[in-house]
Structure formats: C-alpha cells, structure tokens
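Asker: Have a look; sequence and predicted model below, questions after that.
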Number of protein chains: 2
Amino acid sequence: MKPAALFRQRVSIEQVEEGRDLAPKFDRDGLIPAVTTDFTSGELLMHGYMNDEALARTIETGQAHYYSRSRQALWHKGATSGLVQTVRELLIDDDQDCVWLRVEVGGNGASCHVGYRSCFYRKLPVGEAALSTPLELEFTETEKVFDPEVVYPGVPNPTKL
Amino acid sequence: MKPAALFRQRVSIEQVEEGRDLAPKFDRDGLIPAVTTDFTSGELLMHGYMNDEALARTIETGQAHYYSRSRQALWHKGATSGLVQTVRELLIDDDQDCVWLRVEVGGNGASCHVGYRSCFYRKLPVGEAALSTPLELEFTETEKVFDPEVVYPGVPNPTKL
C-alpha cells in the first residue's frame, strides 16, 4: 500500500492531538524518529528514524522497518543479522512527530550493531556524582551478545564522527 | 559548568562506541534527541530534544532539561506545571547521538502537555488489523490527568501543523 493511502493531511491541532486520524509529521528530511523498546522488559533498545515508506511497511507487515541515514535506504531491521523486530504495539505521540515500537526481537535478542543487546549500554553520572571531573561513562552491559565482524562481514560501520 | 567542560571531542569510532568519554553528537541544529521513560513502569513518557546546555544542566542538576524547539529556549521540564522529572538514570547510545532518561515524575505524574500521563496515548493497528481502511488510532489512555487550560493558562500550544 502506498504511504499516501495510510496517512491523512494535518488540518488542525484538534485533529492531530485528540483525533483518530493517523497524520504523522515528517521533518524537513522526510523522517520521523522511532523509539523502540523491548515488549517484555520495557528496556529501550534503539532510537532510529523512519521515512513514510518505512512507517507504511512497518504498519503493513508488523515488522520494524527504518530508514538508514548512513546508507540512505529503507532498512528492514534484521534482514542482515536475522534479528527481526516483531511489533507487538505501535504508538504515536501527541503531535504525531514520533512513534513508539514495542517489539519482540528474534534470534539472540540483540538490537545494537556494536553487538550489545541494547544500544544504550553506557550510563552517565548525574548530579553529585557528575561533579567529579573528568566525567566517565559506565558500562551497564559488559558482554556482547554477538561479534559484529561475524554477523556483518564487510559491512561498513554506520557510526559517523 | 560550561558544556565544553563536560563533553569531549569525537576523535574515533572506537572512542565513541567502546570508550568512557562522553562525546555526544549534536545535529546541524545543535540538538540531540532525548527519550524519557518512567523509572518504575518503563513506560515511554516523551521524546524531546536537548542542546548542549540542556544536557549539561540535566547532568549537573539531576532534573530533566530540554530544548524547546517551539519556544527556542532552554526548558526546565516542570517549571510551569510542577511536574519536574528527577533523573534516576541517564544513558547514551552506541554512537552517542541519543540519550535515555529514566525518570520519576513529580506532582500528579503526567508528562504530556495535552494532559495525559504519557505523550503516547494512542496506538496504531499493525499487520492484518491495519489492512481494513480507513486506518484509525485507538486511545490507550481515556482520562486526562490534568486540564491543560488550568495548568498552562495563556500558554500557546507547542504543537505545530
């Protein structure tokens, strides 16, 4: 189905905030941020982006699709790694410029290209604890779930400086 | 403390992904997305943005600060509504272009300017259920926690079409 058939025009704040129309707002690059959490644990797994096609494909197939900004292409999550994300619940926020995917992850359950379960494997000190310099990140996951060089052989690292 | 004193230069992918340096990546508008979940329930409360000052203030004070794109100003969440978010845990993702705040919300516990507890109070049908047109959103919260006209008298609605 074409995205245009799923999405409505944004005509009023009342419609966008209080209505039942799906009228997502894509930014100047045509993207909407997508927050992905584990359906069972609630853990934040990743933060990605979708274009209209990725959102439409996610709705239709029930599997998470994103837009890869580094590859500039539609990205069916798990197509390379096997770690498909099955969408158990898909929500949208008040002004419809962000979506929330509650997913079950296939395979070994990892979602991070570095090999950790979640992309959020380091925490920052906050408040009193942060005032001792230099500030250092602390790892919350200490073991990788997979070796990226085995799972993504020859694939460039998507991280940009 | 000045943001420059907290943040390091990004010098290598190894440093950014596997190191202990806090070296966040701000986008071309100087912003980094922030995902905020309830520390106890894990529920996604909101998706916002921080500039370097908002991130530095959050780290230093332990209370969530964002950058309001609609008001183009630093935004101490709860300053108007009393619904301050106390940061229990602050994490950063693999390539350091997104932060995750696990918070406890003060007052009545709401985080959404429309009056609901979470900004994500509507869900989309997915897969088979989505193929019946027209697609309609379903409300997951049916009662507002507060009346925005009482809490934010005379404040313009931040939602943009």
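Answerer: Sure, I can see it. Remember, it's a predicted structure, so these values are computed and weren't measured experimentally.

Asker: What ranges in chain A fall below the confidence cut-off?
Answerer: Within chain A, the stretches with pLDDT under 70 are A:1, A:132-133.

Asker: Repeat the analysis, applying 90 as the threshold.
Answerer: The model of chain A has pLDDT under 90 over residues A:1-6, A:70, A:79-83, A:106-114, A:117, A:127-135, A:142-143, A:145-159.

Asker: In it, which helix is the longest?
Answerer: As assigned by DSSP state H, the longest helix anywhere in chain A is helix A:52-61.

Asker: and that helix with chain B, contact?
Answerer: Yes - judged by CB under 8 Å from any CB of the partner chain, helix A:52-61 and chain B are in contact via A:T58, A:I59, A:E60, A:T61. All C-beta atoms are positioned from the backbone trio N, CA, C, and that covers glycine.

Asker: could I get the residues you listed as a markdown table with distance to B:Q72?
Answerer: Shown next, in a markdown table, are the residues of helix A:52-61 next to chain B (distance: CB to CB, whole Å):
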| residue | distance to B:Q72 |
| --- | --- |
| A:T58 | 32 |
| A:I59 | 33 |
| A:E60 | 37 |
| A:T61 | 38 |
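
Asker: Relative to B:D27, which of those is nearest.
Answerer: Nearest to B:D27 among the residues of helix A:52-61 next to chain B is A:T58, at 23.3 Å by CB to CB.

Asker: Return the list of helices and strands in contact with the longest helix of chain A.
Answerer: Helix A:52-61 sits against helix A:3-6, strand A:65-68, strand A:73-76, strand A:85-92, with contacts defined as 3 or more CB pairs under 8 Å, 6 or more residues apart in numbering or on different chains; DSSP states H and E.

Asker: circling back: Throw the residues of helix A:52-61 next to chain B into CSV and include neighbour count, thanks.
Answerer: Formatted as CSV, the residues of helix A:52-61 next to chain B follow (neighbours: other CB atoms under 10 Å in any protein chain shown):
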residue, neighbour count
A:T58, 26
A:I59, 25
A:E60, 16
A:T61, 16
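
Asker: Going by distance to chain B, which of the residues you listed wins?
Answerer: Closest approach between these and chain B, by CB to the nearest CB: A:I59, at 4.8 Å.

Asker: Wait, the closest one touches A:V99, no?
Answerer: No - at 9.7 Å, A:I59 and A:V99 do not qualify as touching, with contact defined as CB atoms under 8 Å.

Asker: what do the two both touch?
Answerer: Residues touching both A:I59 and A:V99 (CB atoms under 8 Å, 6 or more residues apart in numbering or on different chains) are A:L90, B:L124.

Asker: quick one, what contacts the residue of chain A found nearest chain B?
Answerer: Of the residues in chain A, the one nearest chain B is A:G42, at a distance of 2.6 Å by CB to the nearest CB. Contact partners of A:G42, counting by CB under 8 Å, 6+ apart, are B:T37, B:S41, B:G42, B:E43.

Asker: Same question for A:S12.
Answerer: Neighbouring residues of A:S12 by CB under 8 Å, 6+ apart: B:L161.

Asker: Going along the chain, name the strands of chain A.
Answerer: A:32-38, A:44-50, A:65-68, A:73-76, A:85-92, A:99-105, A:122-124, A:138-139 (DSSP state E).
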